[in-house]
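Engineer: Give me coordinates for this.
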Amino acid sequence: MSIVTVRTKEELATARQSGVERIVVQGELAEKVKRSKKIALAGSVTLGTLAVALAAMPLTGGLSMFAAAPVAALTGLEIAAIIAAASVGLALIIALFKDYEEVSYDAGKLVLKKRQS
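Structural biologist: Modelled structure (predicted):
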C-alpha cells in the first residue's frame, strides 16, 4: 500500500495525480481540505455558480470574508468553506473528493483513502 504525506497543495495535487492509495494531509492544508469537503459534495448547479462567482472576483492574495459573502449567498455554502476551497483550488478539491474518501480526521491531520473502482 502506498502512503504519501503532504503539507502543500502542490504535493497534494501530485499525490492525487499519482493515484497513491492513501494520502495523509497535515497542518493548515488538512484544515482547509476538511472545510472544503462540503463544496466537493455540492451539486453541479451550485459548483457552476461558485466557479463563475469566484472567477469574477478580483483576488488579491486571498479571498476575504467581505468578498466571499456574496458567493455564500448565491450558493448557500459556508463562507469558511468557500475561502478554504478558493485557497486550495476548486478543481483540486472536486477531483480529490471524487477519487478519495475521508478515513479519519484529527486536528491538523486528514487521512484520505482511494475509492475502489
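Engineer: Distance across stretch 93-109, terminal residue to terminal residue?
Structural biologist: Distance between the two ends of stretch 93-109: 16 Å, counting by C-alpha to C-alpha, to the nearest Å.
Engineer: Quick one: mean pLDDT over it.
Structural biologist: Stretch 93-109 shows a mean pLDDT of 91.
Engineer: Next: stretch 2-12.
Structural biologist: 95.
Engineer: so is residue 103 in a helix, a strand, or just coil?
Structural biologist: What DSSP: H, G, I helix; E, B strand; the rest coil gives for residue 103 is strand.
Engineer: One more: the one 10 residues further on?
Structural biologist: When the structure is reduced to helix, strand and coil (three-state DSSP), residue 113 reads as strand.
Engineer: So residue 85 is in contact with residue 34, correct?
Structural biologist: No - with contact taken as C-beta atoms under 8 Å, residue 85 and residue 34 are classed as non-touching, separated by 11.2 Å. For the C-beta atoms, the positions are set from N, CA and C on the backbone; glycine is no exception.
Engineer: of these two, who's got more company?
Structural biologist: residue 85 (27 against 18; other C-beta atoms under 10 Å).
Engineer: Below-threshold pLDDT in the chain: ranges please.
Structural biologist: 41, 43-83, 87 (pLDDT under 70).
Engineer: Could you pull out the strands in it for me?
Structural biologist: Listed in chain order, the strands found in the chain under DSSP state E are 3-6, 22-26, 100-106, 109-114.
Engineer: can you put the ones you listed in CSV and add mean neighbour count?
Structural biologist: Below are the strands of the chain laid out as CSV (neighbours: other C-beta atoms under 10 Å):
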stretch, mean neighbour count
strand 3-6, 16
strand 22-26, 21
strand 100-106, 13
strand 109-114, 19
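Engineer: out of those, which comes closest to residue 40?
Structural biologist: Among the strands of the chain, the nearest to residue 40 by C-beta to C-beta is strand 100-106 (9.9 Å).
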